[in-house]
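K.L.:
Got a predicted model here, sequence first, then my questions.
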Amino acid sequence: MATIFATHSEQFGDAIIQIATPRDLAGVATYEGCIASEAEVGVELSPGDFARRSSIQIPASAARGILSRMGISIPSRIGIDDLSPLLANTPKLTPEQVSQFISEAGAYSG
């Protein structure tokens, strides 16, 4: 989901996906998000604190590349009217795929 939103945001400038691992969020309260279809997770952090804690940061283009290698195609341009259909129709990652994505993203960001 983050890759879809970040790709949409690229039309306004650089789009970076920040990934915080469970280790990054140790001691931070988390809770189920409001939008289940987006697999949202709430964290008790300001955006700045989340950014500082995120151990992985990659551009949207790199995230699309990782997903493409995993067999999930995300268009390189996403307009506002494309967001809802893409969010609804893009397959959700399995726990194994999430681990693979995080591993590849971590290798990318160094």
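P.N.:
Here it is on my side, so go on.
K.L.:
secondary structure element for the residue located most distally from the centre of the chain?
P.N.:
In the chain, counting by Cα atoms, centre = their mean, residue 27 sits farthest out from the average C-alpha position, at 21.5 Å. In this structure, residue 27 sits in neither a helix nor a strand according to DSSP states H and E.
K.L.:
Ramachandran angles for it?
P.N.:
Geometry field for residue 27 lists phi and psi as phi 80, psi 0, criterion degrees, to the nearest 10.
K.L.:
Report pLDDT for it.
P.N.:
pLDDT, the model's per-residue confidence, is 95 for residue 27.
K.L.:
now do residue 40
P.N.:
78.
K.L.:
let's have the chain start at 38 instead
P.N.:
In the new numbering, first residue 38, that becomes residue 77.
K.L.:
thinking it is in contact with residue 68, fair?
P.N.:
No: Residue 77 is beyond contact range of residue 68, at 9.9 Å (criterion: Cβ atoms under 8 Å). (C-beta placed from N, C-alpha, C; glycine too.)
K.L.:
Now for these two: what residues contact both?
P.N.:
Common neighbours of residue 77 and residue 68, counting by Cβ atoms under 8 Å, 6 or more residues apart in numbering, are absent.
K.L.:
What segments of the protein are strands?
P.N.:
Under the criterion DSSP state E, the chain carries strands at the ranges 53-56, 67-69, 78-80, 93-96.
K.L.:
Adding mean neighbour count, write those out as JSON lines.
P.N.:
Supplementary listing: the strands of the chain in JSON lines, determined by neighbours: other Cβ atoms under 10 Å:
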{"stretch": "strand 53-56", "mean neighbour count": "18"}
{"stretch": "strand 67-69", "mean neighbour count": "11"}
{"stretch": "strand 78-80", "mean neighbour count": "13"}
{"stretch": "strand 93-96", "mean neighbour count": "18"}
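K.L.:
Redo those strands as a markdown table? Include distance to residue 107.
P.N.:
A markdown table is the format used below for the strands of the chain (distance: least, Cβ to Cβ, whole Å):
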| stretch | distance to residue 107 |
| --- | --- |
| strand 53-56 | 15 |
| strand 67-69 | 25 |
| strand 78-80 | 21 |
| strand 93-96 | 14 |
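K.L.:
looking at these, which is closest to residue 136?
P.N.:
Judged by Cβ to Cβ, the one of the strands of the chain that comes nearest to residue 136 is strand 53-56, at 11.9 Å.
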